[in-house]
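S.K.: this one's sequence-less:
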Ligand SMILES: NC(=O)C1=CN([C@@H]2O[C@H](COP(=O)(O)OP(=O)(O)OC[C@H]3O[C@@H](n4cnc5c(N)ncnc54)[C@H](OP(=O)(O)O)[C@@H]3O)[C@@H](O)[C@H]2O)C=CC1
Ligand SMILES: O=C(O)CCC(=O)C(=O)O
Ligand SMILES: [Mg+2]
């Protein structure tokens, strides 16, 4: 796999907008790093790259690719690891199928995705593809806990240049609705493994006839692991969804469902499928068997169902029935009203961590089928974390929108290492095949959990390791000591899992003598305190589990900074290495479409700039490379320059875009290196570069913008042509020549 045998920094090759941005930014980074003798290698963790690596035997030597994710997964467990990790696609089935089709069209002899495997060979193919589905990258690389916050300069910039905020009205009809009973939170049980219980657990389902099915022999869990089990009742879910469809009709609002079908890749597509089923209930009641036979799987979304119906012999009649039902339903919250893409079309189009904050920023409004904004019923079936959003909605109705000019900031310390909590649960999540009792049996035979379940219920086991928990608490203590601000553990004494965590947290705080510096609050109370604190202009640290880490590092940044793309996201790897994620958001699919149609890339690489500075500083600390430290200081100056001179990309074609911002970043970076005095060699090397980049500004900018406003050809979506991408993303011959 080696592009370079001993890289000092690995920059990930990903998908969509950040990958397009890399085509322009990475050559700049490499040119500058080279001056300090630093090698920056890439590893391909894109969806297309992972698909290619999964089928080596079917591809030509030119097509075949190594399994870079496995290599990186091993590297992050070593002290030398230094990774700049950009956001990648966590694929839903429609995205996976799209990527496979694109690669097939490019001549890759890949098998189709078997929706309904008919034999062992197909089941094996399906298993290989399923391993690539959903959040298959982040949990492998995140061998440490998470420290996410806005850099001081970024926060100050947001205060001085506030983004627009929608108005909140006290009589907004927007609300969050969740199951009244039978959800994961209410069914949760939790234990901490003793030394005797450590080892391989067994998960089994015992039917009414006494027959035992082993759902899973494993995983192996060490002593001290917090092991939770829970299930979501499908009967309760269906009842709840029917009631909410009716209630939405009565309220006169839009209907929307917000899930995390990417990270929760087993449970949430099933829940999403139940929403599609409930929405089209009469059609599924009448034609369930025919729809299933045609592969119209509601878990793939309304888009998949409609596409399959169109291929059925009786398709026109069923489609007419679907249209009739849709017309009777309340209006749906839309992903794209121009194209008729609803909330229910694709399970990965509406992802809760980004979707709800965007709605909150807009004053509680979603987009309806008529292209107009409207109040919305936000359906979040499970109550485990829905309180955070429910309290946010209530708070803004009471107080009005947050003012980004004066708001303080909520930082996050997140428990993430070693596939902690729900985000590591997909190998131990099951759609229950028949009614019975699920038990979890420890290695020594002790029964750890017992739940009575029904056909179709979604049962899962989550685990959180002691080493990860202790590392997280130490990180929280360190961060609080450095910031000196309020800090809150978002843990609920009424929740089984949280009580087990507190049994670790409280003695550690006590032993460190810092109990008085931390509060412990349930998510609802912690949400309110956080908003009250930042509204008063103060800062606060949210110390949370993995799901809230994800949710809050979009929620607060989107309200405070307008986006989570500008966040500093440090993963302090437990074996001593460092991983620097770029921002807290995703891969912005809409941005690719805009580039293809109008040659404008509105992706903001500020997250990459922040990660680069941290990565270089980390390298300097780890290896004593003083030039890396000088480069890092200059990166910080360049980032400040981009902010001070407002060189970030604009949203619309005609505005400066991502490429312009990279050019200015390079110019400020070179200027800072030319001006510094701690390393005369670097100053000497960058003086002519800084001079050329400064003096030739007009020419470079003209070349960068020459073809804007017209469609461009990237040669693919998931697997674009690198030469075509380079031509689009590096259009200035002058800039390319200066960078050599
Ligand atoms: N760390 C990771 O690997 C992550 C991966 N993902 C993956 O990313 C994909 C998309 O996820 P989604 O939830 O839609 O979230 P995104 O963050 O990609 O999109 C939400 C919106 O945020 C804005 N945005 C995000 N990043 C930037 C940026 N750098 N510059 C400017 N604007 C930005 C864009 O707003 P606008 O359109 O208004 O410009 C974008 O449409 C999914 O496949 C998901 O699984 C998601 C989160 C993290
Ligand atoms: O891995 C993913 O699918 C998304 C991760 C994410 O949203 C986050 O870490 O903020
Ligand atoms: Mg997130």
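M.R.: Cool, got the structure. What you see is a predicted model; the values in this text were computed from it and never measured. Ligands and ions are numbered 1, 2, ... in the order given.

S.K.: what's the helix or strand for residue 455?
M.R.: Following DSSP states H and E, there is no helix or strand that holds residue 455.

S.K.: what's the burial count for it?
M.R.: Using other CB atoms under 10 Å, residue 455 is surrounded by 12 other residues. Where you see a C-beta, it was placed from the backbone N, CA and C, and this is true even at glycine.

S.K.: Residue 281 versus that one, what's the distance?
M.R.: Here the distance between residue 455 and residue 281 works out to 18 Å (CB to CB, to the nearest Å).

S.K.: Ok, residue 190 next?
M.R.: Between residue 190 and residue 281 the computed distance is 35 Å (CB to CB).

S.K.: who's more crowded, those two?
M.R.: The neighbour count for residue 190 versus residue 281, taken as other CB under 10 Å, is higher for residue 190 (20 against 15).

S.K.: if I look at the residue of the stretch 601-740 of the chain at minimum distance from ligand 2, how far off is residue 490?
M.R.: Proximity of the stretch 601-740 of the chain to ligand 2 (CB to the nearest ligand atom) peaks at residue 607, 11.5 Å away. In this structure, residue 607 lies at 24 Å from residue 490, with CB to CB as the measure.

S.K.: tell me which element residue 571 is part of?
M.R.: Under the criterion of DSSP H and E, residue 571 resides in strand 568-573.

S.K.: circling back: disregarding flanking residues, what is the spatial nearest neighbour of the residue of the stretch 601-740 of the chain closest to ligand 2?
M.R.: Spatial nearest neighbour of residue 607, chain neighbours left out: residue 583 (2.9 Å); criterion: CB to CB, 6 or more residues apart in numbering.

S.K.: For burial, what's the neighbour tally of that neighbour?
M.R.: The local packing of residue 583 (other CB under 10 Å) involves 28 other residues.

S.K.: Let me know whether it touches residue 566 as I believe.
M.R.: Yes: using CB atoms under 8 Å, residue 583 is in contact with residue 566, at 6.5 Å.

S.K.: list residues touching both of these two?
M.R.: By CB atoms under 8 Å, 6 or more residues apart in numbering, residue 583 and residue 566 have these common neighbours: 606, 607, 610.

S.K.: Alongside ligand 1, which residues does the protein contribute?
M.R.: Within the chain, the positions adjacent to ligand 1 are 87-90, 138, 262, 348, 351, 354, 563, 565, 581, 583, 585-590, 602-604, 607 by CB under 6 Å from any ligand atom.

S.K.: how near is the residue nearest to residue 571 when sequence neighbours are not counted to residue 361?
M.R.: Here the nearest residue to residue 571 in space, its sequence neighbours aside, is residue 579; by CB to CB, 6+ apart that works out to 4.0 Å. Applying CB to CB, one obtains 28 Å for the distance of residue 579 from residue 361.

S.K.: Which of these two has more residues huddled nearby?
M.R.: Residue environment comparison for residue 579 versus residue 361 gives the larger neighbour count to residue 579, 28 against 22, counting by other CB under 10 Å.

S.K.: In a strand, the more buried one, correct?
M.R.: Yes: read with DSSP: H, G, I helix; E, B strand; the rest coil, residue 579 is one of the residues of a strand.

S.K.: you'd agree it is up against residue 85?
M.R.: Yes: counting by CB under 8 Å, residue 579 sits close enough to residue 85 to count as a contact (5.5 Å).

S.K.: Can you work out which residues contact both of these two?
M.R.: Applying CB under 8 Å, 6+ apart, one finds that residue 579 and residue 85 are jointly contacted by 141, 571.

S.K.: Burial check on whatever residue of the stretch 201-350 of the chain ends up closest to ligand 2, number of neighbours?
M.R.: The minimum distance from the stretch 201-350 of the chain to ligand 2, using CB to the nearest ligand atom, falls at residue 262 (4.0 Å). Applying other CB under 10 Å, we find 24 residues neighbouring residue 262.

S.K.: check contacts around residue 98.
M.R.: For residue 98, the contacting residues are 717, 718, taking CB under 8 Å, 6+ apart as the criterion.

S.K.: ok, now residue 155?
M.R.: By CB under 8 Å, 6+ apart, residue 155 lies in contact with 409, 560, 561.

S.K.: Mind checking which of those residues are in helices?
M.R.: residue 560 (DSSP state H).

S.K.: wait, which of the contacts of residue 155 is closest to residue 121?
M.R.: The shortest gap between residue 121 and any of those belongs to residue 561, at 50.0 Å (CB to CB).

S.K.: Is the closest one in contact with residue 162, as I believe?
M.R.: No: contact criterion CB under 8 Å: residue 561 and residue 162 do not qualify, at 9.6 Å.

S.K.: So for residue 172, what's the pLDDT?
M.R.: Per-residue confidence at residue 172 stands at 98 (pLDDT).

S.K.: Now it. Nearest residue, chain neighbours left out?
M.R.: Residue 172 sits nearest to residue 364 (CB to CB, 6+ apart), 4.6 Å away.

S.K.: Tell me who's in contact with that neighbour.
M.R.: If you count contacts by CB under 8 Å, 6+ apart, residue 364 has them with 166, 168, 169, 172, 174, 375, 376, 393, 396, 397.

S.K.: mind running it again at 6 Å?
M.R.: Residues in contact with residue 364 (CB atoms under 6 Å, 6 or more residues apart in numbering) are 168, 172, 174.

S.K.: What pLDDT does the model give the first one?
M.R.: Each residue has a pLDDT score; the one for residue 168 is 98.

S.K.: so it sits in a helix?
M.R.: No: secondary structure of residue 168 (three-state DSSP): coil, not part of a helix.

S.K.: quick one: secondary structure of the residue lying closest to it once chain neighbours are set aside?
M.R.: Once flanking residues are discounted, residue 168 sits nearest to residue 396: 4.4 Å by CB to CB, 6+ apart. For residue 396, the reduced secondary structure class is helix; criterion used: three-state DSSP.

S.K.: returning to what we had before: can you redo the contacts of residue 155 as TSV with distance to residue 718?
M.R.: Compiled in TSV, the contacts of residue 155 are given as follows (distance: CB to CB, whole Å):
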residue	distance to residue 718
409	36
560	33
561	30
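
S.K.: low pLDDT regions in the protein?
M.R.: 1-6 (pLDDT under 70).

S.K.: Residue 165: what's it in contact with?
M.R.: Contact partners of residue 165, counting by CB under 6 Å, 6+ apart, are residue 401.

S.K.: where's it relative to residue 368, distance?
M.R.: Distance from residue 165 to residue 368, by CB to CB: 20 Å.

S.K.: The residue of the stretch 601-740 of the chain closest to ligand 2 contacts residue 564, correct?
M.R.: No: the pair residue 607 / residue 564 is not scored as a contact, 8.4 Å apart, by CB atoms under 6 Å.

S.K.: out of everything not next to it in sequence, what's closest to the most centrally placed residue in the chain?
M.R.: Closest residue to the average C-alpha location of the chain: residue 586 at 5.4 Å, with CA atoms, centre = their mean. With sequence-adjacent residues excluded and distances taken as CB to CB, 6+ apart, residue 586 is closest to residue 87, at 4.9 Å.

S.K.: doesn't residue 134 make contact with the residue of the stretch 201-350 of the chain closest to ligand 2?
M.R.: Yes: checked against CB under 6 Å, the pair residue 262 and residue 134 is within contact range at 5.3 Å.

S.K.: Quick check: neighbours shared by the two?
M.R.: Common neighbours of residue 262 and residue 134 (criterion: CB under 6 Å, 6+ apart): residue 90.

S.K.: domain parsing for this protein?
M.R.: In the domain annotation for the chain, the residue ranges read 9-143+576-739, 189-233+421-462 (automatic domain parsing).

S.K.: Mean neighbour count, those domains: which tops it?
M.R.: Scoring the domains of the chain by mean neighbour count under mean count of other CB atoms under 10 Å gives domain 9-143+576-739 as the most buried, with a mean of 19.

S.K.: Secondary structure element for the residue in the chain positioned nearest to ligand 1, which one?
M.R.: When distances are taken as CB to the nearest ligand atom, the chain approaches ligand 1 most closely through residue 586, which lies 2.3 Å from it. Residue 586 belongs to no helix or strand when assigned by DSSP H and E.
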